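Student: Mind looking at a prediction? Sequence and model below.
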Amino acid sequence: MHPLEHFLLGKIRKHLIPHAYGKVLEIGPGTGVNFAYYDLSKIKSLSCLDIKLSSVARQRAPGNTNFIETSDTAFPFPDHHFDTVVETLVLCTVPNPSGTMAEIVRVLKPGGQLLQLDHGLPSNPFWALIFRLIDPIWSLTSQGCHLTRRPDTLMAEYGMTIEQSGGRPKGIFSWSISRK
Ligand SMILES: C[S@@+](CC[C@H](N)C(=O)[O-])C[C@H]1O[C@@H](n2cnc3c(N)ncnc32)[C@H](O)[C@@H]1O
């Protein structure tokens, strides 16, 4: 992941993550690679939810970060609770992406924002076919990561309004800032 992080993903994170403000929920922080990019002066609280929280993430996290470990698709938060939800490279892995998106929208305040970065199915039909063919083996060997998901379609289905976006249609990675 290091070259990808250096040449592509790090640049996207650097643009995307400083938009987080207010009460923030990050789902699937992994090793906490996003933490360095938050503008802490804009953040009231940071909660992180993962099926398995890494000790590296706990060390990297800003003080007072609230960590929740759960494998439930349902988030343990009330409706309209967060100003910002951050989701980077998680929708490819969760077992129920539609359920996770429904939860993101539920916990966002009206007007709250989703900061999202994912990889998805290429739009080129040849590469889409290749991705579909290798997806079963890929997901078995990559901790449930899928190559065939369409986060952009999912956000549209759940009524998020995209304000800024980048990546795709030709590439595999896409990011967006969208509002409920
Ligand atoms: C590929 S890593 C992405 C890590 C980090 N967000 C990044 O941008 O590099 C996927 C993360 O999603 C977490 N995850 C997988 N299924 C999840 C679920 N159902 N709910 C919350 N987190 C989940 C994994 O444990 C892991 O930390």
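Tutor: Sure thing, it's come through.
Student: those strands in this protein, which residues are they?
Tutor: Taking DSSP state E to define them, one finds strands in the chain at 22-27, 43-50, 66-69, 82-88, 108-119, 161-167, 173-179.
Student: where does the protein dip in pLDDT?
Tutor: Along the chain, segments meeting pLDDT under 70 span 168-170.
Student: Go through the strands of the chain and name the closest to Thr148.
Tutor: Smallest distance to Thr148 across these (CB to CB): 10.2 Å, for strand 108-119. Where you see a C-beta, it was placed from the backbone N, CA and C, and this is true even at glycine.
Student: Is the ligand within reach of the closest one?
Tutor: No: using CB under 6 Å from any ligand atom, we find that strand 108-119 stays clear of the ligand, coming within 6.6 Å at best.
Student: export the strands of the chain to TSV and tack on distance to Pro125 and mean neighbour count?
Tutor: Shown next, in TSV, are the strands of the chain (distance: least, CB to CB, whole Å; neighbours: other CB atoms under 10 Å):
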stretch	distance to Pro125	mean neighbour count
strand 22-27	31	22
strand 43-50	35	19
strand 66-69	40	12
strand 82-88	27	24
strand 108-119	18	21
strand 161-167	19	14
strand 173-179	18	19
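Student: Turn the ones you listed into JSON lines, columns for distance to Val33.
Tutor: Listed next are those as JSON lines, based on distance: least, CB to CB, whole Å:
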{"stretch": "strand 22-27", "distance to Val33": "11"}
{"stretch": "strand 43-50", "distance to Val33": "12"}
{"stretch": "strand 66-69", "distance to Val33": "16"}
{"stretch": "strand 82-88", "distance to Val33": "8"}
{"stretch": "strand 108-119", "distance to Val33": "11"}
{"stretch": "strand 161-167", "distance to Val33": "17"}
{"stretch": "strand 173-179", "distance to Val33": "14"}
